[in-house]
Each structure stands twice: as C-alpha cells, then as structure tokens.
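Just need the structure, nothing else, for what follows:
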Amino acid sequence: MSGFDFSAINGLCRFMHVAHTVGARVVLSAASEKLEDGLERNLPSAVLENLLFEPDADRALERCEDIVLATWASDPASGGGLDDTLLERVVGDMESHLDRQVVFEDMVDELRDWLEPREYDAGEALVSLGEPQKGMQLLIKGQASAFDSSGARLFQCGPGDAVEPRGAFGAHAAETTMIADQSCRTMMLTPAVRLWLEENEEQLIVKLYRYLLTIESRGHGHS
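Numbers count the residues shown, from 1 in each chain. Predicted coordinates:
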C-alpha cells in the first residue's frame with residue numbers, strides 16, 4: 001500500500017468509528033483486497049460489523065436501499081438528523097487530518113537538509129524495546145505497528161507520526177518495539193541537530209515542537 005492508501009484507510013477508519021457511534025452502517029463498493037485487509041486489521045470487531053462490502057456500485061446502492069427501507073419499516077420516525085450529524089462530524093475530522101498532513105509535509109520539506117533518511121523493509125524493526133535511540137524518526141512513508149514486551153500490538157503509525165520523539169532530546173530508550181507493516185521511510189532528527197536548530201533556526205524548531213504537541217494530544221498512532 002502506498003502512503004495515499006494508508007491515508008485512505010486512516011480516514012475510513014475514523015469515518016467507521018463515527019458511523020458506529022451514531023448507529024449508521026457503511027457500504028463500500030469495489031474495494032481492493034488491500035483496502036479490505038487494512039480495514040479489517042485496524043477496526044475493532046464491533047465497528048467492523050457495521051461495514052459491508054459489495055463488488056460494484058449498483059450492488060452497493062441496492063444494499064443501502066435495503067438498509068434504509070428496513071430501518072424505516074421498523075421505525076418510521078428514525079433517521080431524522082442522523083445524516084447531518086454524521087456528515088458534520090466526519091467532514092470536521094477529515095479536514096483536521098488533511099490540515100495536519102499539509103503542515104507535516106511542509107515542515108519536513110523545510111527540515112530536509114538536517115534530517116537523516118532511513119529505509120525499512122516490511123517486517124524490519126524501526127526501533128526495538130529498550131534500545132538506546134539516536135534521535136526521533138518522522139514517518140514519511142508506509143505504516144508500522146508498535147508492540148509491548150509480551151508481543152501485544154499497541155497501536156499503528158503512519159505518515160505524519162513521530163517514532164520515539166523523546167529520542168531527539170537526549171539519552172532515551174525505546175518504549176516499544178516498532179515493526180514495519182510494509183516498506184517504510186523515515187527522517188531522523190538527532191539531539192545534536194535539534195540543539196543546532198534551536199540556536200540557528202528558531203522559527204523552524206518552534207514549528208516542529210508545535211506539531212509534536214499536536215500529535216501527542218491525539219495519542220499514539222491508530223488502533
């Protein structure tokens with residue numbers, strides 16, 4: 001899956017969570033196997049049950065009509081305000097995500113001359129639990145999953161996320177093991193470069209700190 005596919009999966013996952021919250025079902029048509037697999041791996045079973053797949057648009061529309069008619073037959077008063085509530089919440093969430101991606105891409109472009117590129121194959125560890133870190137890695141391409149010491153999957157990261165951000169601020173041991181779900185590309189910011197930027201590129205480092213605070217407030221990755 002490309003970075004675009006990953007962004008699409010993230011957006012659909014957020015959409016599915018909102019749909020589940022308001023009691024709506026979602027029907028997708030002609031979804032690729034990779035998209036189906038990505039959704040199945042990233043959605044809780046309760047939310048996944050609200051998602052239906054159809055081979056083409058005609059079949060999907062028929063399924064939607066069946067769902068609407070069945071809902072109306074069981075409760076004619078239902079449905080009022082549901083569409084508006086769902087649309088407003090999803091649009092706001094998607095706009096926020098797209099804004100964050102634009103900020104991230106612009107910021108990385110400005111920082112590119114000071115960052116160290118790194119490449120990882122699928123199945124390779126970006127970091128290992130307890131391993132001393134040489135810096136913070138900004139995930140540019142691909143997706144990776146974090147695991148604890150028991151091997152339990154904790155969260156998933158994608159483009160725009162920071163891997164072990166405390167690594168940019170001095171001695172730090174990785175708090176999880178991060179395994180590439182697919183080929184990944186990161187850009188590393190070392191503590192030495194961070195200090196140089198603080199002394200010589202104040203506006204740029206402030207932009208980075210603001211971005212890190214924004215993604216930290218949203219929590220780790222994507223469940």
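
Does residue 171 lie in a helix or a strand, and which?
Assessed by DSSP states H and E, residue 171 sits outside every helix and strand.

Measure how buried the residue nearest to residue 121 when sequence neighbours are not counted is and give me the count.
Here the nearest residue to residue 121 in space, its sequence neighbours aside, is residue 183; by CB to CB, 6 or more residues apart in numbering that works out to 5.7 Å. Yep, even glycine has a C-beta here, placed from its N, CA and C like the rest. Counted with other CB atoms under 10 Å, residues neighbouring residue 183 total 15.

Next one: residue 183 from residue 152, what distance?
24 Å (CB to CB, to the nearest Å).

Equivalent analysis for residue 214, please.
27 Å.

Which one's more surrounded, those two?
residue 214 (14 against 8).

which residues in the chain form helices?
3-22, 33-42, 45-48, 57-74, 82-111, 191-200, 202-217 (DSSP state H).

Residues in a beta bridge with residue 147, which ones?
residue 153, residue 177 (DSSP bridges).

neighbours around it, how many?
Residue 147, neighbours per other CB under 10 Å, totals 17.

For it, list the residues it contacts.
Residue 147 sits next to 129, 153, 154, 176, 177, 178, 179 when contact means CB atoms under 8 Å, 6 or more residues apart in numbering.

Can you flag the buried ones in the residues you listed?
Applying a neighbour-count criterion of 16 or more other CB atoms under 10 Å, the buried members of these are 176, 177, 178, 179.

do you know how far the second one is from residue 196?
The one in question is residue 177. Taking CB to CB, one finds residue 177 at 30 Å from residue 196.

now do the first one
Separation of residue 176 from residue 196 (CB to CB) stands at 28 Å.

What of residue 110?
14 Å.
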